[in-house]
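*Asks:* what shape does this take:
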Amino acid sequence: MNITSFVFYCFIVTFTPGPTNIVILSTVHNSGTKKAMEYTYGATIAFACLLAISSVLNTILATLIPKILMVMQVVGSFYMLYLAYQVYKMDSSKPTVNQTGTFMSGFLTQFLNPKVVLFTITVIPTYIMPYYVSVSAVTVGVIVVTVIGFLAFITWVLFGAIFKNFLQKHKKIVNVLMALFLVYAAIMVWV
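*Replies:* Okay, the predicted model is just below:
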């Protein structure tokens, strides 16, 4: 097993901007670190569930991937556009209940994110299963990838916390940019 390639693949996919990381940054900006952590926990648990499901059902999914990916692309794109709308319409002058920063929205964003689904379908079968087939080895692989994903989310929370004052000073512009990034992510699913 090429550990360097495995680690690079995990870090690049989890640390690069995607819908989950953008919503984390937006949640820190609009609702604070505590709310962003709630979202992060939901995203991390969904990430771990996807990895576990992928590991267990990889053989069965291999024959159904094209159909599953198409459904996930459609659902995921609409969900990302919904999140973009929610981020865009946030009114910074009124205290509101932020529906995008909940545990459940973090969970759903991960579960419906085609980038994450593709990653979880490929990472364990590509880097772990060809070399280790025991349940314990695959479980360790799932745990390692989940920890890397959690570290990526925490990095985005810290980034948002460090730059919170700057982000709040330019709140409307930041919300528009975050919404545009989510729209871009929804479009890139189809490219």
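
*Asks:* with only the CA atoms kept, save the helix or strand bottoming out on mean pLDDT in the chain in CSV.
*Replies:* The helix or strand of the chain with the lowest confidence, counting by mean pLDDT, DSSP states H and E, is helix 164-169 at a mean of 75. In CSV, the C-alpha atoms belonging to helix 164-169 read as follows (Å, rounded to 0.1, in the frame of the first residue of the first chain):
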residue,chain,number,x,y,z
LYS,A,164,-14.5,36.2,12.1
ASN,A,165,-14.1,39.9,12.7
PHE,A,166,-13.0,40.5,9.1
LEU,A,167,-15.8,38.3,7.9
GLN,A,168,-18.5,40.1,10.0
LYS,A,169,-17.3,43.5,8.8
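
*Asks:* from the contact counts, what lies against it?
*Replies:* helix 19-31 (3 or more Cβ pairs under 8 Å, 6 or more residues apart in numbering; DSSP states H and E). Bear in mind the C-beta positions are built from the backbone N, C-alpha and C, glycine included.

*Asks:* buried set for the helix or strand following the least confident helix or strand of the chain?
*Replies:* Once helix 164-169 ends, the next helix or strand along the chain (criterion: DSSP states H and E) is helix 171-188. Neighbour-count burial for helix 171-188, counted by 16 or more other Cβ atoms under 10 Å, picks out Val174, Asn175, Leu177, Met178, Ala179, Phe181, Leu182, Val183, Ala185, Ala186.

*Asks:* residues making contact with helix 171-188?
*Replies:* Contact with helix 171-188 is made by 17-19, 22-23, 25-26, 29-30, 76-78, 80-81, 83-85, 87-88, 90, 92, 115, 167, as judged by Cβ atoms under 8 Å, 6 or more residues apart in numbering.

*Asks:* report the inter-axis angle for that helix versus helix 19-31.
*Replies:* Angle of helix 171-188 versus helix 19-31, following axes from the mean of the first three to the mean of the last three Cα atoms, to 10 degrees, is 170 degrees.

*Asks:* show the average pLDDT along helix 171-188.
*Replies:* When pLDDT is averaged over helix 171-188, the result is 77.

*Asks:* chain center to it, what's the gap?
*Replies:* 15 Å (Cα atoms, centre = their mean, to the nearest Å).

*Asks:* and stretch 14-33, by the same measure?
*Replies:* The answer for stretch 14-33 is 9 Å, by Cα atoms, centre = their mean.

*Asks:* what's the answer for stretch 83-91, then?
*Replies:* 18 Å.

*Asks:* sweet, I'm off.
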